[in-house]
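Participant: what follows is a predicted structure for the sequence shown.
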Amino acid sequence: MRRLFLCATVLSFLSVSGAQVNVPEIPYRSVPNFLKLPPELYLGEVSGVAVNSKAHVFVFSRGNTGGPAYGAAAAQLLEFAPDGKYLREIGHNLYAWSYAHSVKVDSHDNIWVTDKGSDMVIKFTPDGRVAMVFGRKQEASDEGTGPLKHVKPPLPPVDGLFRQVTDITWDPAGNSYISDGYVNSRVAKVDGEGNWLKSWGEPGDQPGQFNVPHSIAADAKGNIYVADRGNRRIQVFDSDGKFLRQITIDVPVKPDARPAIGNKPTQTTGTMSPGAPWAICITPAPNQVLYASDAFPGRVYKLTLDGKLLGFFGESGKQLKQFGWIHEMACPAENELYVAELLNWRVQKLILEPGK
């Protein structure tokens with residue numbers, strides 16, 4: 001039986017290979033009114049946020065909606081200065097825009113987006129021009145074109161095509177790793193010139209299998225971390241897809257914890273369960289740490305790369321320092337995070353203050 005240790009500060013524990021480790025709740029603050037939007041520009045659900053080497057912030061929002069109530073195109077990519085001042089929109093009316101999912105910036109400041117609705121990954125140059133296109137959108141003229149069906153057993157995956165793609169990351173050699181996604185449940189590897197190399201994974205709950213690989217990140221050694229959200233774990237692989245280990249986050253939930261929306265979850269596994277990783281990010285070298293977020297009870301967790309829990313913070317809600325389904329995070333420094341929220345239609349810039 002697990003034993004909960006209590007002291008003057010809020011403490012919790014993580015199970016790592018059977019060990020129990022006490023960890024503190026991390027003090028933090030949120031920068032008020034960080035993004036400065038023009039008067040006629042609005043964010044919808046913010047599904048993605050990224051930061052480049054110049055500290056510019058890129059926001060991928062399910063805004064700019066046009067079309068019918070169901071199946072509307074909902075994606076806009078916006079760039080902001082380090083102080084939150086609006087700079088520009090990138091890719092206005094882009095053919096791939098359908099349903100925004102994530103945005104990332106690589107080591108050369110290229111901007112990459114994954115669109116869950118069009119099943120496409122787009123690489124933009126730093127000046128905002130399309131450089132490479134991955135996947136293919138369904139043709140509007142095809143008979144039966146519509147939302148993908150989650151049939152069981154799933155259809156066999158096809159090299160070069162995605163089904164509700166979710167995220168992307170890169171190793172030090174410049175290879176891309178794409179989490180694909182809600183239907184295919186695999187990771188695809190593509191080289192720096194855009195050539196398809198391989199993929200691994202399939203639906204399931206065993207090592208190397210996935211139940212919605214929702215977010216993906218790489219460390220300085222080229223190991224690949226996959227937020228296997230539906231299985232409530234983070235799986236770690238080498239650059240060839242060899243399974244190395246898995247990380248699970250087991251922090252007790254306060255009795256008065258509230259969900260951001262809907263009824264309080266009762267399941268201990270699955271998308272809405274405590275510790276189920278919706279978003280992950282890894283800080284820059286040399287001293288890298290991993291951050292992960294869940295939807296309920298709405299917390300962010302700080303871990304070492306081998307899975308030791310260092311601290312946690314946050315709760316569900318609508319005020320500053322509260323979260324409504326963090327969908328993506330950017331962590332350009334150990335104590336500086338940007339979080340994109342679906343339910344609150346915003347990005348928060350968080351400053352961690354572990355010394356307090």
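Facilitator: Done, it's in. Residues are numbered from 1 along each chain as shown.

Participant: next, please give the residue ranges for the strands of the stretch 1-150 of the chain.
Facilitator: Remark: strands assigned in the stretch 1-150 of the chain by DSSP state E, counting those that start in this stretch are 11-16, 19-24, 28-30, 45-51, 57-62, 76-80, 86-90, 100-105, 111-115, 120-124, 130-135.

Participant: which stretch in those has the least confidence?
Facilitator: Mean pLDDT per stretch puts strand 11-16 lowest among the strands of the stretch 1-150 of the chain, at a mean of 38.

Participant: V251 is in contact with F312, isn't it?
Facilitator: Yes: the pair V251 / F312 is scored as a contact, 5.9 Å apart, by Cβ atoms under 8 Å. Glycine gets a C-beta too; all of them are placed from N, C-alpha and C.

Participant: who has more neighbours, these two?
Facilitator: Neighbour comparison, V251 and F312: the larger count goes to F312, with 24 against 20 (by other Cβ atoms under 10 Å).

Participant: who's the closest residue to the more buried one other than its chain neighbours bridged to?
Facilitator: Spatial nearest neighbour of F312, chain neighbours left out: Y301 (4.7 Å); criterion: Cβ to Cβ, 6 or more residues apart in numbering. Beta-bridge pairing for Y301 (DSSP bridges): A292, F312.

Participant: what's around Y301, how many residues?
Facilitator: 25.

Participant: do you know how far it is from N33?
Facilitator: Noted for Y301: a distance of 27 Å to N33, by Cβ to Cβ, to the nearest Å.

Participant: any chance of JSON lines for the strands of the stretch 1-150 of the chain, columns distance to Q235?
Facilitator: As requested, the strands of the stretch 1-150 of the chain are exported to JSON lines (distance: least, Cβ to Cβ, whole Å):
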{"stretch": "strand 11-16", "distance to Q235": "15"}
{"stretch": "strand 19-24", "distance to Q235": "20"}
{"stretch": "strand 28-30", "distance to Q235": "28"}
{"stretch": "strand 45-51", "distance to Q235": "22"}
{"stretch": "strand 57-62", "distance to Q235": "24"}
{"stretch": "strand 76-80", "distance to Q235": "29"}
{"stretch": "strand 86-90", "distance to Q235": "32"}
{"stretch": "strand 100-105", "distance to Q235": "18"}
{"stretch": "strand 111-115", "distance to Q235": "19"}
{"stretch": "strand 120-124", "distance to Q235": "21"}
{"stretch": "strand 130-135", "distance to Q235": "22"}
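
Participant: possible to save the ones you listed as TSV with mean neighbour count?
Facilitator: Listed next are these as TSV, based on neighbours: other Cβ atoms under 10 Å:
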stretch	mean neighbour count
strand 11-16	19
strand 19-24	14
strand 28-30	16
strand 45-51	26
strand 57-62	26
strand 76-80	22
strand 86-90	14
strand 100-105	27
strand 111-115	27
strand 120-124	23
strand 130-135	17
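
Participant: F323 is nearest to which of these?
Facilitator: Among these, the nearest to F323 by Cβ to Cβ is strand 28-30 (9.8 Å).

Participant: pairing partners for the closest one, with directions?
Facilitator: Under the criterion DSSP bridges, strand 28-30 sits next to strand 346-352 (antiparallel) in its sheet.

Participant: what are the C-alpha coordinates of the partner strand, in PDB please?
Facilitator: Coordinates of each C-alpha in strand 346-352 appear next as PDB, following Å, rounded to 0.1, in the frame of the first residue of the first chain:
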ATOM      1  CA  ARG A 346      -5.500  32.300 -24.300                       C
ATOM      2  CA  VAL A 347      -1.700  31.900 -23.800                       C
ATOM      3  CA  GLN A 348      -0.300  32.400 -20.400                       C
ATOM      4  CA  LYS A 349       3.400  33.200 -19.800                       C
ATOM      5  CA  LEU A 350       4.400  31.600 -16.500                       C
ATOM      6  CA  ILE A 351       7.400  32.500 -14.400                       C
ATOM      7  CA  LEU A 352       8.400  29.800 -11.900                       C
END
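
Participant: before we move on, the earlier item: list the contacts for the residue nearest to F312?
Facilitator: Y301 makes contact with 249, 251, 275, 291-294, 309, 311-312, according to Cβ atoms under 8 Å, 6 or more residues apart in numbering.

Participant: can you do 6 Å?
Facilitator: Y301 makes contact with 249, 292, 312 under the criterion Cβ atoms under 6 Å, 6 or more residues apart in numbering.

Participant: list just the nearest of the residues you listed to H56.
Facilitator: A292 (24.6 Å).

Participant: report pLDDT for that closest one.
Facilitator: For A292, the predicted pLDDT is 99.

Participant: state the distance from it to Q76.
Facilitator: Relative to Q76, A292 is positioned 27 Å away (Cβ to Cβ).

Participant: also V187?
Facilitator: The value you get for V187 to Q76, if Cβ to Cβ is used, is 27 Å.
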